[in-house]
Each structure stands twice: as C-alpha cells, then as structure tokens.
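>>> no sequence on this one, just coordinates:
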C-alpha cells in the first residue's frame with residue numbers, strides 16, 4: 001500500500017462508510033474495490049465515502065467509484081452513493097468527469113467515526129491488477145461522451161495488452 005494512505009471502513013446492513021486518507025490510486029485501491037463489490041450484494045445500501053482527508057485520487061480509483069454507482073443505479077435492489085467533503089482538485093475532477101451526475105455530493109460528516117476500522121490489506125494485493133484498471137477506465141469511458149474521448153486510448157491499450 002502506498003505510504004501514508006489508508007481506507008477506513010464500517011458497514012451496517014443499511015450503510016457502508018468509507019473514509020479515504022491520503023492518496024487513492026491504482027497502487028492501493030484493490031482492497032477498496034473488493035470491499036465495495038462485496039457490499040454491493042446487499043439490498044438498499046447507502047454508500048457514504050468521506051474525502052475530507054483525501055489528498056488526491058487517480059482515474060482507476062474514480063472508475064471504481066463510477067462502477068459502484070452504476071451498479072447501484074442499475075440494480076433493482078436500490079441504494080445510493082454519497083461523496084462527502086470533496087474540495088479543490090478532487091471536487092473539480094469529479095465534476096469534470098461527470099461523476100457528480102450519478103452520485104450525491106455532500107458536505108455532511110460521518111456521524112460515528114469511532115466505528116471506522118482500517119481496511120485490511122496486504123502489500124501483495126493492494127495494487128490494482130490490469131483487469132481492475134481496465135474495468136475502472138471502461139466505466140469512466142462509458143459515463144459520457146467527453147470521457148469516451150479522454151479514456152478510449154487507455155481502454156484500447158489495455159484491451160490489446162490483454163489479447164497478447
């Protein structure tokens with residue numbers, strides 16, 4: 001895991017809370033992808049992701065957020081995703097990529113931060129594999145026409161690499 005980066009999580013039957021601390025990138029996002037995938041199996045779940053201590057995030061991490069948000073929207077099970085305390089470049093990037101159109105942007109606080117626990121990981125499985133990176137960028141690309149142009153080269157490269 002990238003030095004100085006951490007994901008803290010807490011889950012109830014109704015909500016999953018995530019606090020991003022430091023940088024969120026392909027170097028450390030595999031545990032959070034697995035956590036969100038596992039949590040998305042539950043019905044009517046609200047995902048609350050706090051960025052108050054997030055210093056930056058890359059396209060792979062944002063693609064994981066998009067994949068989760070789209071999965072929630074397409075599911076008959078219901079649910080929602082709220083991105084809390086985005087500011088500066090993080091907020092600009094979320095809006096420029098159109099992620100704000102599929103997720104709620106809020107400045108609320110996680111009520112009981114004491115319940116958050118470190119997301120368990122090992123250095124061997126923190127880095128996103130090429131399939132995770134591919135899916136994340138494909139989700140961003142499919143979100144809107146602007147992103148299609150921005151991320152199509154990355155997706156095409158990864159598709160060619162996977163065929164080799």
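It's in. Remember, predicted model here, so these are calculated numbers, not experimental data.
>>> Could you list the low-pLDDT ranges of this protein?
1-5, 120-125 (pLDDT under 70).
>>> List of residues touching the lengthiest helix in it?
For the chain, the helix that runs over the most residues, judged by DSSP state H, is helix 145-163. Helix 145-163 is contacted from outside by 59, 97-98, 130-131, 133-134, 137-138, 140-142, using C-beta atoms under 8 Å, 6 or more residues apart in numbering. Yep, even glycine has a C-beta here, placed from its N, CA and C like the rest.
>>> same deal with stretch 110-120?
Contacts of stretch 110-120 (C-beta under 8 Å, 6+ apart): 6-10, 17, 19, 31-32, 35, 48, 50, 84.
>>> Give the buried residues for that stretch.
110, 116, 119 (16 or more other C-beta atoms under 10 Å).
>>> Redo those residues as TSV? Include secondary structure and distance to residue 148.
Shown next, in TSV, are the buried residues of stretch 110-120 (DSSP: H, G, I helix; E, B strand; the rest coil; distance: C-beta to C-beta, whole Å):
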residue	secondary structure	distance to residue 148
110	coil	34
116	coil	36
119	coil	32
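>>> closest to residue 74 among the residues you listed?
residue 119 (25.1 Å; C-beta to C-beta).
>>> and the residue nearest to that closest one when sequence neighbours are not counted, what helix or strand is that in?
Sequence neighbours aside, residue 7 is the residue nearest to residue 119 in space, at 4.2 Å (criterion: C-beta to C-beta, 6 or more residues apart in numbering). Following DSSP states H and E, one finds residue 7 within strand 6-11.
>>> if we can go back for a sec, among the contacts of stretch 110-120, which pair sits farthest apart?
Taking C-beta to C-beta, no two of these sit farther apart than 31 and 84, at 19.8 Å.
>>> Could you list which of the contacts of helix 145-163 belong to helices?
The members of those that map onto helices under DSSP H are 59, 130-131, 133-134, 137-138, 140-142.
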